[in-house]
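> Predicted structure and sequence below. I'll ask about it afterward.
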Amino acid sequence: MDINFFLRSLLIGFSIAAPVGPIGVLCIRRSLTEGRWTGLVTGLGAATADAFYGSIAAFGLTLVSSFLIGQASWIRLVGGLFLAYLGVKTLLSKPAERPAQAGGMNLAGAYSSTLLLTLTNPMTILSFAAIFAGLGAGLSGHGYGSAVSIVLGVFAGSSCWWLLLSTGASLLRSRLTPDILLWVNRASGLIILVFAIVILAGIKL
């Protein structure tokens, strides 16, 4: 493993994950209403997608990158509709009296939903490519070991952010009443719906 590439990519993964968008809102809401593990697994779904797009940038898979960007409108349509569904579902859901048990099906659903949402943002490839170039992390003249280090670093950095966010949000749960949690659901649902509307409004088919 190339430690230099790994550390640079860890920073990249953390910085790309940190801005609070729809996935961040989902992670916070699930951590508050369903517990830390569900919130963390929600974030790990996004971290996996970040690692996937990071691998495209790191390995220079221009054919895959060009295809995804070429189909960006259709991919955004799927992501926007799914995000709208999650927004409505969150808006109408009632808070549980206690965190849900972190069973296999619950965790699998939390993971797969955010994995799908993050994968439906193909422009993330451009973000990774631009940041790699800006940090001098291009792979010209380097082997596959450096590329693997980049992918692992991106996943580790992104996962660190989601661990911090889910843990911080879950610690607040004991201080929140059911009425406050109900408003958390409503506010989260509205915010997610706004993100969905913005995504769908920007599509050019």
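Sure, I can see it. Numbering: from 1, shown residues only.
> From here on, just use CA atoms for contacts and neighbour counts.
OK.
> Which strand or helix spans the closest residue to Phe52 other than its chain neighbours?
Leaving aside its chain neighbours, Phe52 sits nearest to Val151 (7.6 Å; criterion: C-alpha to C-alpha, 6 or more residues apart in numbering). Taking DSSP states H and E as the criterion, Val151 maps to helix 144-172.
> cool, Leu117 as well?
Using DSSP H and E, Leu117 falls in helix 104-119.
> mind listing what's buried in that helix?
Neighbour counts over helix 104-119 (16 or more other C-alpha atoms under 10 Å) mark 107, 110-119 as buried.
> quick check: mean pLDDT across it?
The average of the pLDDT scores along helix 104-119 is 85.
> for it, the distance to its chain's centre please.
Distance of helix 104-119 from its chain centroid, counting by C-alpha atoms, centre = their mean, to the nearest Å, is 10 Å.
> residue ranges with poor pLDDT in the chain?
For the chain, applying pLDDT under 70 flags the ranges 1-2, 60-65, 69, 95-105, 122-123, 125-126, 128-143, 204-205.
> spatially speaking, which residue is in the middle of it?
Nearest to the geometric centre of the chain sits Ala46, at 2.9 Å (C-alpha atoms, centre = their mean).
> from memory that residue sits against Ala110, does it?
No. With contact defined as C-alpha atoms under 8 Å, Ala46 does not reach Ala110; the gap is 10.3 Å.
> shared neighbours, those two?
Between them, Ala46 and Ala110 share no contacting residue under C-alpha atoms under 8 Å, 6 or more residues apart in numbering.
> mind listing what the residue nearest to the centre of the chain touches?
Per C-alpha under 8 Å, 6+ apart, neighbours of Ala46: 23, 111, 114-115, 117-118, 158.
> which SSE is it in?
helix 36-59.
> Just give me the neighbour total for Glu175.
Careful, residue 175 is Arg and not Glu. Other residues near Arg175 come to 8 when the count uses other C-alpha atoms under 10 Å.
> Now do it against Leu181, distance only.
To Leu181, Arg175 is 10 Å away according to C-alpha to C-alpha, to the nearest Å.
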